[in-house]
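*Asks:* attaching a predicted model along with its sequence, questions to come.
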Amino acid sequence: MQSAEMKKILIVVTNTLRYGATDDPTGLWLGEATELADIVMQAGYQVDYVSPQGGFVPLDPRSMKYTDAEIMRTYATPDFQQRALTASLSPAEVNPADYQAIYYAGGHGVMWDFPDNQPLQAIAAQIYAQGGYVTAVCHGIAGLLNIETADGQYLIADQRVTGFTKAEEVLAGKRGVVPFFNRVEAEKRGAKFQQKRAYREFAVQDDRLITGQNPFSAKAVGRLLVANLAKSSN
């Protein structure tokens, strides 16, 4: 892993504007990026933002109904507006050796541009191989589905994970729109999917894999990540 003074977390965000072939807008779920960023920055880590294509990152309009003063404070900063939403890094601009963890933020948009993005998979695999953490919240688990380890196995195989559930898709009114269900796809790859009640905070850790169930679990993922990084740096 990189030197102790290089303390950076890579946050992955979506470029997807719409739900599939519909005209319904989607994008990044704002709080899932800001809440994790706040926790790790308060712990002394720098954050960078990357998206599958780089550049502009749309916001899921539904996520704006679930903001609070803390989320809005980060959203209002020129740094977040520029580096997370206007000019996110492309995978080619990222050196995995610079990061101690990668975090996949959600929002429904990620279901279309995270699962098959091989450059992002390679970045995550290298961060994990060098002793770093691979983390996600909500639909962000879509980015974990096809990451493979050096021996050709799925990273999530035989690992306990969580993510946005079918029950939560039903409650969100998106059951008939999403291209897949997270639990089904995770279990196809050998993961041990766990879940709690819909829209309750829940995070799972298995070794250096940390996942949260829904938008209300980003802080739980952040707290677990910071606690583990603190232990590993001692």
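*Replies:* That came through, no problem. A quick note: this is a predicted structure, and the numbers were derived from the prediction, not measured. Residues are numbered from 1 along each chain as shown.
*Asks:* lowest-confidence helix or strand of this protein?
*Replies:* The helix or strand of the chain with the lowest confidence, counting by mean pLDDT, DSSP states H and E, is helix 218-233 at a mean of 95.
*Asks:* from the chain's centre, how far out does that one sit?
*Replies:* 14 Å (Cα atoms, centre = their mean, to the nearest Å).
*Asks:* name the helices or strands packed onto it?
*Replies:* Helices and strands touching helix 218-233, by 3 or more Cβ pairs under 8 Å, 6 or more residues apart in numbering; DSSP states H and E, are helix 30-42, strand 101-104, strand 133-137, strand 203-206, strand 209-212. In short, each C-beta sits where N, CA and C put it, glycine included.
*Asks:* now do 7 Å
*Replies:* helix 30-42, strand 133-137, strand 203-206, strand 209-212 (3 or more Cβ pairs under 7 Å, 6 or more residues apart in numbering; DSSP states H and E).
*Asks:* what angle separates that helix from strand 133-137?
*Replies:* Helix 218-233 and strand 133-137 meet at an angle of 170 degrees, taking axes from the mean of the first three to the mean of the last three Cα atoms, to 10 degrees as the criterion.
*Asks:* dump helix 218-233 to PDB, restricted to CA.
*Replies:* The C-alpha trace of helix 218-233 is given here as PDB (Å, rounded to 0.1, in the frame of the first residue of the first chain):
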ATOM      1  CA  ALA A 218     -23.800   5.600   3.700                       C
ATOM      2  CA  LYS A 219     -22.800   6.900   7.100                       C
ATOM      3  CA  ALA A 220     -22.600   3.400   8.500                       C
ATOM      4  CA  VAL A 221     -20.300   2.400   5.600                       C
ATOM      5  CA  GLY A 222     -18.200   5.400   6.200                       C
ATOM      6  CA  ARG A 223     -17.800   4.800   9.900                       C
ATOM      7  CA  LEU A 224     -16.800   1.200   9.300                       C
ATOM      8  CA  LEU A 225     -14.300   2.200   6.700                       C
ATOM      9  CA  VAL A 226     -12.600   4.800   8.800                       C
ATOM     10  CA  ALA A 227     -12.500   2.500  11.800                       C
ATOM     11  CA  ASN A 228     -10.800  -0.200   9.700                       C
ATOM     12  CA  LEU A 229      -8.300   2.100   8.100                       C
ATOM     13  CA  ALA A 230      -7.400   3.500  11.500                       C
ATOM     14  CA  LYS A 231      -6.700  -0.100  12.800                       C
ATOM     15  CA  SER A 232      -4.700  -1.000   9.700                       C
ATOM     16  CA  SER A 233      -2.500   2.100   9.900                       C
END
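*Asks:* what pLDDT does the residue sitting nearest the centre point of the chain get?
*Replies:* Centroid-nearest residue in the chain: Tyr104, 1.5 Å away (criterion: Cα atoms, centre = their mean). If you check Tyr104, the pLDDT there is 99.
*Asks:* ranges for the helices of this structure?
*Replies:* Assigned helices in the chain, in chain order: 30-42, 69-75, 78-80, 110-113, 118-129, 166-172, 182-188, 218-233 (criterion: DSSP state H).
*Asks:* neighbouring contacts of stretch 19-37?
*Replies:* Outside stretch 19-37, the residues that touch it by Cβ atoms under 7 Å, 6 or more residues apart in numbering are 11, 13-14, 16-18, 47, 57-61, 63-64, 66-67, 71, 74-75, 80, 84, 103, 105-109, 112, 137-138, 177, 179, 215, 218-219, 221-222.
*Asks:* list the contacts of the residue lying closest to Leu36 once chain neighbours are set aside.
*Replies:* With sequence-adjacent residues excluded and distances taken as Cβ to Cβ, 6 or more residues apart in numbering, Leu36 is closest to Gly222, at 4.5 Å. With contact set as Cβ under 7 Å, 6+ apart, Gly222 has these partners: 35-36, 39-40.
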